[in-house]
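A.B. asks: Provided below for reference: sequence and predicted model.
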Amino acid sequence: MAKNKKKCGRRTKKPGITPGVNEHDIAQINIEHFKAYQLLIQKIIDHLCRLDELSQPTDEDKIKPLDILRLSSSLSIAQKGQRLARQMDNIGDDSQANRLESLVERALSDVVFHRTTLYNLPLFPPQAEAISLIEEHITNKTGKVITVRSARQTMKNECSAMLCVRALINYREQGGTYIRTAPTWKPQMINSKQRVEKFLKMDPLINNDYKRREGFILEHGQAQLVFLSTDKGANVVGSTASIALDIDEAHKVDKGKFEEDFGPMAAYHNVPIIMWGVAADKQDLLYEYVQHNQEHNPELNLSYPAHIWCELLPQYARHYEERLRKLGADHPVILTQYDLVDVDTLGGYLKAHHISNLLNAEHQRYAAPRDGREYIVSIDIAGEAEAEEDDPAKKSRGARDSTVALVFEIEPGNLRNDYPACRLVDIYWWTGKSLGDEPSGLPGQQSSLLKLLKLWRPKAAVVDARGVGEQIAKYLAKHYPGVTAYAADSNSVSQDCYGLLALINNERLKIFRNDDSAEYAELCRQLKSCRYEIKGHDKMRLIKPAGSGHIDMLKALTYLYRALMHFVPAAISGLEPPKGWYRSNRKRVWG
């Protein structure tokens, strides 16, 4: 029995390459094992032959089956490959082993060579600079925080995936844990994991030799890559990084969550922390560490705004220029996500040039629709006056919210960057008006708004459906086609605010000439006094100015963008972040 066990054990034991190995032992290896190694080694040699300094291998130089395991040993233990080759029996001319060893060593020391030669993929100067700096700190275990801010859709995830793969290769023998994070598990973390796995399958130094563990761990040899979510509710306590801690979208990570749960992961082994992201509202985690590095170690801050990528990639430059035309150079998304300019959390929503664009109009106010014209209506609903209100100041028009209906004349054929020309031609403004008809017979908001819609016959109308507005919005949607009951949330409000700025920057919206009316005066006041607030680092909303005054008209103005989505579907593309513009006179920040 013991004899059989011993025999079985010999049959399943993996062959090793040690001095004195004989051909009989090697012959026991499964033929499929040979084929796999042969394909791997030949793939690497083919890469070598593409280099100018190397010639095509001769027939005598080609790999022999019995040498495959010897060569694979130098592959799996690159730093000892030359010594192992010399120890092997019957290897004869070891030129192939030398070549392979040279390739592996160069790939592990030169990320540009690694990616371009073994992946046949480009690596741009900013990417190479970032990876090289990070790997230097990984090797030296400096415990520093490295910040990398780069324009949207440029390099961050690709760089991180390369770092992950190279860490698995470099630490597969001694072991170690690289922790990679993202704000959400699905889709961000899943996408990150899939990108790494794609590279693992491509890389001949790994040759698809990795394992999946527990759904969030990838293993190659003794090295581990652990994927974790930085969501505030994620349970991540207990993980330890011994290679590096990698924080994606650091500008969106909660400060308290990072300092309490993630920062300590790097402490025991004093490994570096890499933070990737873009600019935001000066209140985010990434900005905090950028400022700290700027004061103490400015070389740890890497910044690659859009104009750098426009110089490197003509197709990116074209896309960036298009987005800039669509949203404007001072749009907050352009500034933060592409020019990498941090913006204030609070500020005036419209600048002087925005207001000038709006008021520089030639058309007059109309009391009724014109023949052959098309219209859109946006409505912001306010509650009726409270009878029990005791404070006289709060009963005044200036202290209570108002219902506002704005009427826009649209020119669908007059497009610029997919936006049609829009002219504000009339304003309805009611304060304290009852929701339903009064006992005296006076019409309330509900019937007055329906009458307005029947007069102007708009192609689309957006009605505020929050709070008391829900009843009116549903009533109007039931009695007039084309009405959208709009229950805004923080995401859609932010889209509306950004969308209105895009319309104004493209000079697609004009307000009727001054007719000395109270409505015109109030609209101008709100345009000048309304302020914005950034929440969650990139979500915008409008806020009332300090002291008295309201923003009902401006809120209704932002609904225009929502209405245009139903009227001119192409305009919805404006919700996508812009890609910026090319400035050739700017100096590169690398090299």
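C.D. replies: Nice, I can see it. Not measured: the values here are computed from a predicted model.
A.B. asks: Let me see the ranges of the helices in the stretch 401-550 of the chain.
C.D. replies: 445-456, 469-479, 490-505, 518-529 (DSSP state H, counting those that start in this stretch).
A.B. asks: Highest mean neighbour count out of the ones you listed?
C.D. replies: helix 490-505 (a mean of 21; mean count of other Cβ atoms under 10 Å). For the C-beta atoms, the positions are set from N, CA and C on the backbone; glycine is no exception.
A.B. asks: if we can go back for a sec, export the helices of the stretch 401-550 of the chain as JSON lines, with columns for mean pLDDT and distance to residue 377.
C.D. replies: Output for those, formatted as JSON lines (pLDDT from 0 to 100; distance: least, Cβ to Cβ, whole Å):
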{"stretch": "helix 445-456", "mean pLDDT": "94", "distance to residue 377": "6"}
{"stretch": "helix 469-479", "mean pLDDT": "93", "distance to residue 377": "10"}
{"stretch": "helix 490-505", "mean pLDDT": "92", "distance to residue 377": "15"}
{"stretch": "helix 518-529", "mean pLDDT": "94", "distance to residue 377": "15"}
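A.B. asks: closest one to residue 221 among those?
C.D. replies: helix 490-505 (43.7 Å; Cβ to Cβ).
A.B. asks: Run through who's touching that closest one.
C.D. replies: 326-333, 349-350, 354, 357-358, 419, 422, 486, 488, 509, 532, 535-536, 538-542, 557-562, 574-575 (Cβ atoms under 8 Å, 6 or more residues apart in numbering).
A.B. asks: What of stretch 449-456?
C.D. replies: By Cβ under 8 Å, 6+ apart, the list of residues contacting stretch 449-456 reads 368-369, 375, 377, 379, 403, 405, 407, 426, 428, 443, 461, 463, 472, 475-476, 479-480, 483.
A.B. asks: The same query, at a cut-off of 10 Å, please.
C.D. replies: Applying Cβ atoms under 10 Å, 6 or more residues apart in numbering, the set of residues contacting stretch 449-456 from outside is 366-369, 373, 375-377, 379, 381, 403, 405, 407-409, 425-426, 428, 430, 443, 458, 461, 463, 472-473, 475-476, 478-483.
A.B. asks: Would you mind listing which of these are buried?
C.D. replies: 366, 369, 375-377, 379, 381, 403, 405, 407-409, 425-426, 428, 430, 458, 461, 463, 472-473, 475-476, 480, 482-483 (16 or more other Cβ atoms under 10 Å).
A.B. asks: Find the residue at the geometric middle of the protein.
C.D. replies: Centroid-nearest residue in the chain, with Cα atoms, centre = their mean: residue 152, separated by 6.1 Å.
A.B. asks: what about that one, which helix or strand?
C.D. replies: Counting by DSSP states H and E, no helix or strand carries residue 152.
A.B. asks: That one contacts residue 306, doesn't it?
C.D. replies: Yes: using Cβ atoms under 10 Å, residue 152 is in contact with residue 306, at 8.1 Å.
A.B. asks: that older thread, as a markdown table, the helices of the stretch 401-550 of the chain with distance to residue 199 would be great.
C.D. replies: Listed next are the helices of the stretch 401-550 of the chain as a markdown table, based on distance: least, Cβ to Cβ, whole Å:
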| stretch | distance to residue 199 |
| --- | --- |
| helix 445-456 | 57 |
| helix 469-479 | 50 |
| helix 490-505 | 33 |
| helix 518-529 | 51 |
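A.B. asks: To residue 210, which of the ones you listed lies closest?
C.D. replies: helix 490-505 (37.6 Å).
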